[in-house]
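Visitor: sequence and computational prediction follow.
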Amino acid sequence: MKNFCFYLLVMALFVLSACAQKRPVSMPQSHLPPESVPEIGGSVPAQSTVPDGSAVADSGDDQNPLLSAVRPVQRPRPKALTRMIKNAESQLKKRQPQLAFSTLEQALYIDGQDPLVWHLMARAQFDQGNIVQAVSLAQKSNSLSAAYPDVREKNAALLRKAQGRYN
Amino acid sequence: MKLLRWLVIFLFLCACMAFGGYAYLINHQVAERFKDRLWDVPAKVYARPMTLYIGLQLSAKSLGQELDLLGYRKVSTQAQLTVPGTYTRYQGRFILNCRPFNFGDQRRPMRRIELTISRSRVTRLKSLGSTADMEQLDPVLIGQFYPSSMEDRVLVTTEDIPALLKKTIVAVEDKNFYSHYGIDFKSIFRAIVVNIREGQFTQGASTLTQQLAKNFFLSPEKTFKRKISEAFVAAAIERQFTKEEILEAYINEVYLGQDGARAIHGFGLGAQFYFGKSLGLLSPEETALLVGMLKGPSVYNPRVHPDRATARRNTVLGLMADQGLIPSPNLTKSLGRPLNVIPVPRQWRFPFYLDLVKRRLLKEYREKDLKTMGLRIFTPLDPLVQLAAEKGVADFMAGRNSKLQAGVVVTACATNEIQALVGGKQPKYEGFNRALDAKRPIGSLVKPAVYLSALEQPENYTLVTRIHDGPVSLKSGGRLWRPMNYDKTFHGELPLYQALVHSYNTSTVKLGMALGLETVFATMGQLGFKPSAPFVPAMLLGSFEMTPVQVAQVYHTLASGGFYTPARVINAVYTPDGETLQRYPLRIEQHLDPGAVFLVDKTLQAVVREGTGRSLSRWLSPDLGIAGKTGTTNDLRDTWFAGFSGNRLAVVWVGRDDNKSTGLTGASGAMQVFGRMMAQIPNTPLVLTPPENIEWAVINPQTGLRANNNAPGALAVPFIRGSAPVVSDPVPDVAPPTPADFGPDKQPVQKKKPRYLIDWLKDVFK
């Protein structure tokens, strides 16, 4: 009988919980705002996706209907910027970090928000032994890399290496 | 008699010794002077080189303006694109014959670039006939630091000098140059005979070496003593240097005219000044004209006396034909050709910017070296942005109080490089550079620092934390201080972000006092400028002084997500030989939490969209998402606006030097300049990337509680992770929470959010 009462109570609470007015709301799983709700300060222009469709997008069909998460998208990268990034990578491979840094400084004229450019700048500084600058640049890259998990991983690896140099 | 003979011998020996001694002394001096740098060459200051790539935002008008600044000549057909520094244009299609340029760390050769601009974007780019990803033009020369003599020259080496020029100079000025030893006695004798016969001084006999000696070492007066010295110096030069070296020195030294206060020296600069091309590209007629001008640069100035100059040029051409330097059959054609002289190249000077460059350089270099060593200084100045800033100021000032003045700074958001600087309403430098030197109270521009201090404490403050806007009175300096809002009303309880959006004073002061002045100004210091102590409450409303450049530094840290980057005005300094003297690479330091800065930046976007900066939409599309803040000081003395797009940040101050009222606010004054300026230059939309520690929640701004997506007035609000309210807005039949439930000290309890129902049940049973 006791067991029956207990289960009854649990069931009752379960039903009541569904009707609770101050029920907790799930937290958003995205760190980008919901698309269907006006944003603080008004809407901002939609970010366009990379033409080759390489934008990061999660399946997300089972999102909480309260918060339709916006998928983080990568910024379109002009060909000139892609070329400069390739040049910088090749200069880093050839152990020309100073030259690579100059190339990347030029790349910032084209897009100052590309996290890969900032990551490579961090590497160029790291290769020159400027660890403090390398860390700052990797952190800057991180602050821009919401849609670039690969860049985040590279930054994390670089920061770990930098930590190793400190210790 | 014997004594007399000994006396003569003694005097002769003394004379020989004096002669020898003098010759030795001169010889030594010549060696020293030649061993050191020979010429004073002014430092040259360059703008950023324009980088072209497919997708670049660039209007055809702007490219035309850039080419104009570069001194490129527009020609009407492709066939006329024969020399570098020319271009042709058909609607949006440009074909450029680019000049070669030595950047110091890399050389760009002469080449042809084709590009198409459609809808203000570069849509096609070809270099040397094939598709290119990127191209770079040579940079605009924005100014020079001249020596006191105001001599200007472009140094050329023997390899750069065309053989025809050398031969023509020798043929016209000194036929026996290769055979004499500095002094041509035959020519002197011939000149004496001619001058005696004609009864006046018509013919000189100075050799090239003597002319060089005169220009280099001696005063210009015509005395016998000077002539003797000249002969000694010429002989010393001949003794120590080869004929080629002497000719090279001569070609770099000679005076070829005047451009205002600037003296044009040497054929290198002469070719540029008169024909807009380098020495190697001169035609025989142009060579003849320049060499002919040696006889009298002002008398034969081709711009002022084209007839005289043509006659003189033709005389030289005849001589060249006689000497076999040009084929005789071509002579008739050459004689009939026009002078082909270009208009005086405009000296595009941006004196306020140059003032800043010079101040920075003088921290590391001696002024004398700057003016004489021929340094090449590369800056990030964007001439198109600079012109837009100057025009923005001029357009705003038109028809307004003549005592209004302005200071403008524009920087690149990514790098904090200063792209433009305006130090007064007249582009002419008057000795007072307001962008650098006008220290003025900043008014409400300080407020983002107050709110940032609060948002750095997410456990206490979020954007929707309710704060109170009401009467406030504080003791400050023994007096009671009662700040008021600009609209003279109080707004009661309101979300924190609204207080910043509408720039309310009393709520800001209350918030600042709750946080503590030390905390607020420590944040200000992290942003890039900490006012000096003691701190008083009025400083929360910007009663302390800053210059526009200092404000730009502070706002740049906001624009770059909390990363501090020292402002840069010089990228690199090279010696004339292309050796790197100094580089100024980008340097950044994380000073603030990117999450908290993101919240402030979002609010600054709201300032422009719906707050004190909303009238900016008159100039700029809301789609740009500009973030900004207005500032006005007591009695409308100073008006400020600081704002940024995705790629550019600008700070504008408008006020009066006599510190009297302008009658303008930040929105009706400085912001109007900002709008006019930014509307003329390419800006990318400001799409703020939320850092990893940001999460979003849908909020009812009236209550600060969570709401459904479809609730009326629901707003998506960013929070530092873990600080979003967990309590949802009650349905209408439930009494709304009282204001006492909120406020800085009554933030809804931060609970760990239950993710699943079972968690919630556990919570209930706890």
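Guide: Looks like it arrived, so ask away.

Visitor: what about residue 75, how many residues close to it?
Guide: By default, I'm working from chain A. 20 (other C-beta atoms under 10 Å in any protein chain shown). C-beta coordinates here come from the backbone N, C-alpha and C atoms, glycine included.

Visitor: my bad, chain B
Guide: 17.

Visitor: then residue B:93?
Guide: Residue B:93: 14 surrounding residues under other C-beta under 10 Å.

Visitor: touching, it and residue B:116? I think so.
Guide: Yes - Residue B:93 lies in contact with residue B:116 (C-beta atoms under 8 Å); the separation is 5.0 Å.

Visitor: joint contacts of these two?
Guide: Common contacts of residue B:93 and residue B:116 (C-beta atoms under 8 Å, 6 or more residues apart in numbering or on different chains): none found.

Visitor: burial measure for the nearest residue to residue B:422 once chain neighbours are set aside, as a count.
Guide: What sits nearest to residue B:422 in space, not counting adjacent residues and going by C-beta to C-beta, 6 or more residues apart in numbering or on different chains, is residue B:408, at 4.0 Å. Counted with other C-beta under 10 Å, the neighbours of residue B:408 add up to 30.

Visitor: which SS state does residue B:408 fall under?
Guide: Classification of residue B:408 using DSSP: H, G, I helix; E, B strand; the rest coil returns strand.

Visitor: hey, what's it bridged with?
Guide: Legend: beta-bridge partners of residue B:408 under DSSP bridges are residue B:422, residue B:652.

Visitor: check which helix or strand covers residue B:156.
Guide: Using DSSP states H and E, residue B:156 sits within no helix or strand.

Visitor: now do the same contact list for residue 139.
Guide: Chain wasn't specified; assuming chain A. By C-beta under 8 Å, 6+ apart, the contact list for residue A:139 reads A:155, A:159, B:563, B:590.

Visitor: switch to chain B, please.
Guide: B:46, B:47, B:48, B:49, B:50, B:101, B:378.

Visitor: what's the nearest residue to the residue in chain A that chain B sits nearest to if we skip its chain neighbours?
Guide: Residue of chain A nearest chain B, by C-beta to the nearest C-beta: residue A:112 (2.4 Å). Excluding the flanking residues, the one nearest residue A:112 by C-beta to C-beta, 6+ apart is residue B:414, at 2.4 Å.

Visitor: ok, that neighbour touching residue A:114?
Guide: No - Residue B:414 lies out of contact with residue A:114 (C-beta under 8 Å); the separation is 9.4 Å.

Visitor: can you name the residue of chain B nearest chain A?
Guide: Counting by C-beta to the nearest C-beta, chain B gets nearest chain A through residue B:414, at 2.4 Å.

Visitor: helix, strand, or coil at residue B:296?
Guide: coil.

Visitor: burial of it, as a residue count?
Guide: 12.

Visitor: next, give phi and psi for it.
Guide: With angles defined as degrees, to the nearest 10, residue B:296 sits at phi -180, psi 90.

Visitor: same question for residue B:122.
Guide: Torsion angles, degrees, to the nearest 10, at residue B:122: phi -80, psi 120.

Visitor: can you name the residues that contact it?
Guide: B:52, B:53, B:54, B:55, B:56, B:58, B:115, B:116.

Visitor: low-confidence ranges in the chain?
Guide: Reading this off chain A. A:1-2, A:13-35, A:42-74, A:166-167 (pLDDT under 70).

Visitor: my question was about chain B
Guide: In chain B, residues with pLDDT under 70: B:34-38, B:195, B:199-205, B:216-223, B:347-348, B:731-766.

Visitor: which residues touch the residue sitting nearest the centre point of it?
Guide: For chain B, the residue nearest the mean C-alpha position is residue B:381 (2.7 Å; C-alpha atoms, centre = their mean). Contact analysis of residue B:381 by C-beta under 8 Å, 6+ apart lists B:47, B:48, B:142, B:350, B:353, B:418, B:419, B:420.

Visitor: give me that answer again for 10 Å
Guide: The neighbours of residue B:381, taking C-beta atoms under 10 Å, 6 or more residues apart in numbering or on different chains as the test, are B:45-48, B:139-140, B:142-143, B:350, B:353-354, B:356-357, B:410, B:417-421, B:569.

Visitor: can you tell me the element residue B:244 falls in?
Guide: Applying DSSP H and E, one finds residue B:244 within helix B:243-253.

Visitor: may I see the buried residues of that helix?
Guide: B:243, B:246, B:247, B:248, B:249, B:250, B:251, B:252, B:253 (16 or more other C-beta atoms under 10 Å in any protein chain shown).

Visitor: kindly export it (C-alpha atoms) in CSV.
Guide: Provided in CSV are the C-alpha atoms of helix B:243-253 (Å, rounded to 0.1, in the frame of the first residue of the first chain):
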residue,chain,number,x,y,z
LYS,B,243,85.2,59.9,-64.7
GLU,B,244,82.1,57.7,-64.3
GLU,B,245,81.8,58.5,-60.6
ILE,B,246,82.2,62.2,-61.3
LEU,B,247,79.5,62.1,-64.0
GLU,B,248,77.2,60.2,-61.7
ALA,B,249,77.7,62.8,-59.0
TYR,B,250,77.1,65.6,-61.5
ILE,B,251,73.8,64.0,-62.7
ASN,B,252,72.6,63.7,-59.1
GLU,B,253,73.6,67.2,-58.1
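
Visitor: and the helix or strand just after it, which strands flank it?
Guide: For helix B:243-253, the following helix or strand on the C-terminal side (DSSP H and E) is strand B:255-259. In the sheet, strand B:255-259 lines up against strand B:262-265 (antiparallel) (DSSP bridges).

Visitor: just checking, next helix/strand downstream of the partner strand?
Guide: As assigned by DSSP H and E, the chain's next helix or strand after strand B:262-265 is helix B:266-275.

Visitor: could you list the domains of chain B?
Guide: B:1-39, B:45-136, B:145-336, B:350-432+B:548-591+B:614-691, B:443-543, B:693-738 (the TED database).

Visitor: for the shortest one, the distance to its chain's centre please.
Guide: Relative to the centre of its chain, domain B:1-39 is centred 54 Å away, using C-alpha atoms, centre = their mean, to the nearest Å.
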